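> This is the structure alone, sequence omitted:
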């Protein structure tokens, strides 16, 4: 039996696709990480676009780039309700009689090609808005401001300045930028669920939770600032965001 992996969703088009007789002899496996893809997996299928809150987003390009980097032997196919003769596109209302034949004619991820996408916000643009901002706000801005303030607090501590004096001066701005950072992060949580970047997102979430007790205490517990290694945590988040940024480029 041939094996294909698909992006798991409750999308009704996915159900229609799975029930089509063209897929007899193919085993459908819901994607739950790279470990889902075995040496026997030949195809990855994505039904696009997807609803995220009230927005319709097409993550096709990000999925293709991710799979191209990690599983280049796969053939990536996307599905929509719009006709197109792209060899890696499946038109839901005119599906091939034989998916095996469609698979054989599809391009591999090693070939330079762009998926056919119709409708929805390109997820690359939405990811770029998260990182660099739209309308003056971004994730980078509060992240860098917060990192700079925390570094200043550490530096003044090293210079022998009392923590209370430093926090009285820098604490209000520090808490403001922490709240802005968390607000921006929460705003995009649902969006991240449709992307294959779960590893990076999980690490960021874990690191934010690591330093959250210090800010939750309004800076009253000096030892939490150092025990959580707040400066190193923020620096590592900056590096991870740079990895995410590579998926936002066209």
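Yep, that arrived. Note that this is a predicted model, so its numbers are computed, not measured.

> The longest helix belonging to the chain - contacts with which helices or strands?
For the chain, the longest helix by residue count, based on DSSP state H, is helix 163-187. For helix 163-187, the packing partners by 3 or more C-beta pairs under 8 Å, 6 or more residues apart in numbering; DSSP states H and E come out as helix 140-158, helix 198-216. C-betas here are computed from N, CA, C, even on glycine.

> And it, how far out from the chain middle?
How far helix 163-187 lies from its chain's middle: 25 Å, per C-alpha atoms, centre = their mean, to the nearest Å.

> Going forward, count from 672.
Renumbered: residue one is now 672, and that last one reads helix 834-858.

> Report the buried residues of that helix.
Buried residues in helix 834-858, counted by 16 or more other C-beta atoms under 10 Å: 834, 837-838, 841-842, 845-846, 848-849, 851-852, 855-856.

> With distance to residue 772 and pLDDT added, can I get the residues you listed in CSV?
Rendered in CSV, the data for the buried residues of helix 834-858 read as follows (distance: C-beta to C-beta, whole Å; pLDDT from 0 to 100):
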residue, distance to residue 772, pLDDT
834, 70, 97
837, 69, 97
838, 68, 97
841, 65, 98
842, 66, 97
845, 61, 98
846, 61, 98
848, 56, 97
849, 56, 98
851, 53, 96
852, 51, 97
855, 47, 94
856, 45, 96
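
> Can you tell me the closest non-neighbouring residue to residue 780?
Spatially, and ignoring its direct neighbours in sequence, residue 780 is nearest to residue 739 (4.4 Å; C-beta to C-beta, 6 or more residues apart in numbering).

> Please name every helix or strand in contact with whichever helix or strand the one you found is part of.
Under DSSP states H and E, the secondary-structure element containing residue 739 is helix 731-741. Applying 3+ C-beta pairs under 8 Å, 6+ apart, we find helix 731-741 packed against strand 712-718, strand 746-751, helix 794-803.

> Would you reformat the ones you listed as JSON lines and include mean neighbour count?
Converted to JSON lines, these look like this (neighbours: other C-beta atoms under 10 Å):
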{"stretch": "strand 712-718", "mean neighbour count": "22"}
{"stretch": "strand 746-751", "mean neighbour count": "23"}
{"stretch": "helix 794-803", "mean neighbour count": "20"}
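
> export these to CSV and tack on distance to residue 821?
Putting the helices and strands packed on helix 731-741 into CSV (distance: least, C-beta to C-beta, whole Å) gives the following:
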stretch, distance to residue 821
strand 712-718, 40
strand 746-751, 41
helix 794-803, 20
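
> mind checking which helix or strand of this protein has the lowest mean pLDDT?
Lowest by mean pLDDT, DSSP states H and E among the helices and strands of the chain is helix 683-690, with a mean of 86.

> on contacts alone, who are the packing partners of that one?
Judged by 3+ C-beta pairs under 8 Å, 6+ apart, helix 683-690 is in contact with strand 712-718, strand 746-751.

> Now find how far off-centre it is within its chain.
Using C-alpha atoms, centre = their mean, the mean C-alpha position of helix 683-690 is found 25 Å from that of the whole chain.

> Remind me which helix or strand residue 674 belongs to.
Residue 674 is part of strand 673-677, with elements assigned from DSSP H and E.

> And for that strand, what's in contact with it?
In this structure, residues lying in contact with strand 673-677 by C-beta atoms under 8 Å, 6 or more residues apart in numbering are 685, 696-702, 707-709, 711-718, 771, 774.
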